[in-house]
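Asker: Below is the sequence, then the predicted model.
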Amino acid sequence: MIGIKEIPDKITCGLILTFMRTHFKYLTLSEFRLAFELNILDDDKDKPHHYQCFDLNFITPVIKRFLKQKQQALNSLDRISKPKELDQPLPTGKQLYEGLLKYIQEKKQMPLFWNWTAVYMHMEESGMVSESDDELKTFRKKILEKTKAKVSLEIITAFDAIERNKISDKLSKEKMLNAYMEEYVKMKLSKD
């Protein structure tokens, strides 16, 4: 693989194996192989060379160089995957409610996506949810039946079992509550 014509003898192989188990025991065989493949592909003049001798003087710099590259890659991935800090605080329920009203006024329709839960919570805190408990229960039941019917139709037409499981997840308590809040807000604001 790396151009060495003569395989090391058993004693050298034993020393190499003992050294690797002692100092690099956390490396997998795949990583060990990758370290040498990356060394072969590297065009850098300072990369480790074997000089027709596969020994610890060649192996150790290859592994150390690989570990350094691996750490740099992990650091880059860590920087990329960290969420960015927001310059502004998240909008309040009141701001989302007012934004929704403005959107409806301008576009003359309900948006497809909105933070319905935050708007509902604001409406509830502000006393805009004025229906009796019985009326709200009836509305919840209606939304539950509507959602179950919609999900049942999606399940029937689903391509496979995995898709059916994803679709049936829409019936979780949390998702049903979110569907209720969304439909309530839409119903209340479409009356106004």
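Answerer: Received, thanks.
Asker: State the next helix or strand along the chain beyond the least confident helix or strand in the chain by mean pLDDT.
Answerer: Within the chain, confidence by mean pLDDT, DSSP states H and E is lowest for helix 161-168 among all helices and strands, at a mean of 70. Later in the chain than helix 161-168, the nearest helix or strand by DSSP states H and E is helix 173-191.
Asker: The residue nearest the centre of the chain and Tyr120: what is the separation?
Answerer: Nearest residue to the geometric centre of the chain (Cα atoms, centre = their mean): Ser81, 9.2 Å. Counting by Cβ to Cβ, to the nearest Å, the separation of Ser81 from Tyr120 is 32 Å. All C-beta spots, glycine's among them, are computed from the backbone N, C-alpha and C.
Asker: One more: Pro83?
Answerer: Pro83 is 26 Å from Tyr120, where distance means Cβ to Cβ.
Asker: more crowded one of those two?
Answerer: Tyr120 (24 against 5; other Cβ atoms under 10 Å).
Asker: quick revisit: now the residue nearest to the centre of the chain: how far from Glu31?
Answerer: Remark: distance between Ser81 and Glu31 (Cβ to Cβ) = 21 Å.
Asker: What are the boundaries of the helices in this protein?
Answerer: Here the chain has its helices, by DSSP state H, at 10-23, 29-41, 56-81, 93-107, 116-125, 133-156, 161-168, 173-191.
Asker: average model confidence for the first one?
Answerer: The average pLDDT within helix 10-23 is 84.
Asker: got the angle for that helix vs helix 56-81?
Answerer: In terms of direction (axes from the mean of the first three to the mean of the last three Cα atoms, to 10 degrees), helix 10-23 departs from helix 56-81 by 30 degrees.
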